[in-house]
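Got a predicted model here, sequence first, then my questions.
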Amino acid sequence: MSMFNVFGIAGSALNAQSLRMNTTASNLANADSVVGADGQPYRAKQVVFETVPVDGKSAQGVRVAQVVESAAPMRLVYEPANPAANEEGYVEMPNVNVVEEMVNMISASRSYQNNVEVMNTAKTLLQRTLTIGQYAAQPPGEQ
Amino acid sequence: MKALLDDALNVHQTALNLRAQRQELLASNIANADTPNYKARDLDFRSALDSALGRSGGTLGMTVSAPGHLAEGSGGNRLAAHVGYRQESQSAVDGNTVNMDVERAAFAENSLQYEASLRFVDGVLSGMRTAIRGE
């Protein structure tokens, strides 16, 4: 029954979008983290989506292939008093683009909603399928 | 009687199956709305239904003339012949051709058509029942 695959497809998308949302949250939270665990400034992370076959031949879900670090240049802020400043008084700040991250967040949230809707519709249709013949089984006028 | 019921339900059963498969394709499109280089696909419902009911007008139907021949639809995915890629209306930088408005509209339409087929099945069944009871 291929309608059940819809749950697999939409579920994989929900998973991928929530991972994207997680990445965005991490980026926004660390937008000002000058020093990370490795002693370097935090680098923005981005997810890369790819299709993945779900069960059948035609059904294609989505998964996060990898999480890449942004190659954008670090933000340099002039702050001579900061202990992390270099000889010229500049502090390397994370290369997180806050506007980009907000847009990413909205996009992920909308995609998530779309897939929830898809799941709900499939559920309604399947429930309706389970009642095939039940209306017919009742004598006319008793529905 | 058996043939009568079969004939009455066959079309709707096939249509329901195809609608479910189309629903799956459309769900794939919606799920992959953000996947780079994903190309949206859809099912040509009319031709798929025609070929599933065995009234294809010469489209990819195979003749079985020897016992060793594979029957039509036994090998590979017969449905794949009727699945095509969508023409993109606005190109995206990442090579993705999913247009969410089109997909959502197609999804809603397909759901309604599925429900309509369910109603038809119910109608056939209750019609048969009325005939049997003779009320």
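Looks like it came in fine.

Which positions within stretch B:89-109 qualify as buried?
Within stretch B:89-109, the residues that count as buried by 16 or more other C-beta atoms under 10 Å in any protein chain shown are B:96-99, B:102-104, B:106-107. Every C-beta, even on glycine, is put in place using the N, C-alpha and C of the backbone.

Could you do stretch A:127-135 as well?
Buried residues in stretch A:127-135, counting neighbours by 16+ other C-beta under 10 Å, are found at A:Thr129.

Give me the distance between it and the centre of its chain.
Remark: stretch A:127-135 is offset 36 Å from the chain centroid, using C-alpha atoms, centre = their mean, to the nearest Å.

Likewise for stretch A:94-113?
Put simply, stretch A:94-113 sits 9 Å off its chain's centre (C-alpha atoms, centre = their mean).

now stretch A:64-78
On the basis of C-alpha atoms, centre = their mean, stretch A:64-78 sits 18 Å off its chain's mean C-alpha point.

and the buried residues of stretch B:89-109 as TSV, adding secondary structure and distance to A:Val35?
Compiled in TSV, the buried residues of stretch B:89-109 are given as follows (DSSP: H, G, I helix; E, B strand; the rest coil; distance: C-beta to C-beta, whole Å):
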residue	secondary structure	distance to A:Val35
B:Asn96	coil	37
B:Thr97	coil	43
B:Val98	coil	40
B:Asn99	coil	44
B:Val102	helix	47
B:Glu103	helix	44
B:Arg104	helix	45
B:Ala106	helix	50
B:Phe107	helix	48
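
Nearest to A:Asp55 among these?
B:Phe107 (19.3 Å; C-beta to C-beta).

Please identify the buried residues of the longest helix anywhere in chain A?
Using DSSP state H to define each element, chain A has its longest helix at helix A:98-130. Residues A:101, A:104-105, A:107-108, A:111-112, A:114-115, A:118-119, A:121-122, A:125-126, A:129 are the ones in helix A:98-130 that count as buried (16+ other C-beta under 10 Å).

helix/strand/coil for the residue nearest the centre of chain B?
The residue lying closest to the centre of chain B (C-alpha atoms, centre = their mean) is B:Leu18, at 2.3 Å. Assigned with DSSP: H, G, I helix; E, B strand; the rest coil, B:Leu18 falls in the helix class.

Spatially, which residue comes closest to it, not counting chain neighbours?
Using C-beta to C-beta, 6 or more residues apart in numbering or on different chains and skipping the chain neighbours, the partner closest in space to B:Leu18 is B:Ala48 (5.3 Å).

how about the one you found, what does it touch?
Shown in contact with B:Ala48 (C-beta atoms under 8 Å, 6 or more residues apart in numbering or on different chains): B:18, B:79, B:82.

Among the buried residues of helix A:98-130, which pair sits farthest apart?
Largest pairwise distance in the buried residues of helix A:98-130, by C-beta to C-beta, is 42.0 Å, between A:Glu101 and A:Thr129.

can I get the CA coordinates of the lowest-mean-pLDDT helix or strand in chain B in CSV?
None of the helices or strands of chain B scores lower by mean pLDDT, DSSP states H and E than helix B:45-52, at a mean of 86. Extracted C-alpha coordinates of helix B:45-52, given in CSV (Å, rounded to 0.1, in the frame of the first residue of the first chain):
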residue,chain,number,x,y,z
PHE,B,45,-2.9,9.8,-14.6
ARG,B,46,-4.9,9.3,-17.8
SER,B,47,-2.3,7.2,-19.6
ALA,B,48,-1.4,5.3,-16.5
LEU,B,49,-5.0,4.4,-15.9
ASP,B,50,-5.5,3.4,-19.5
SER,B,51,-2.5,1.1,-19.5
ALA,B,52,-3.4,-0.3,-16.1
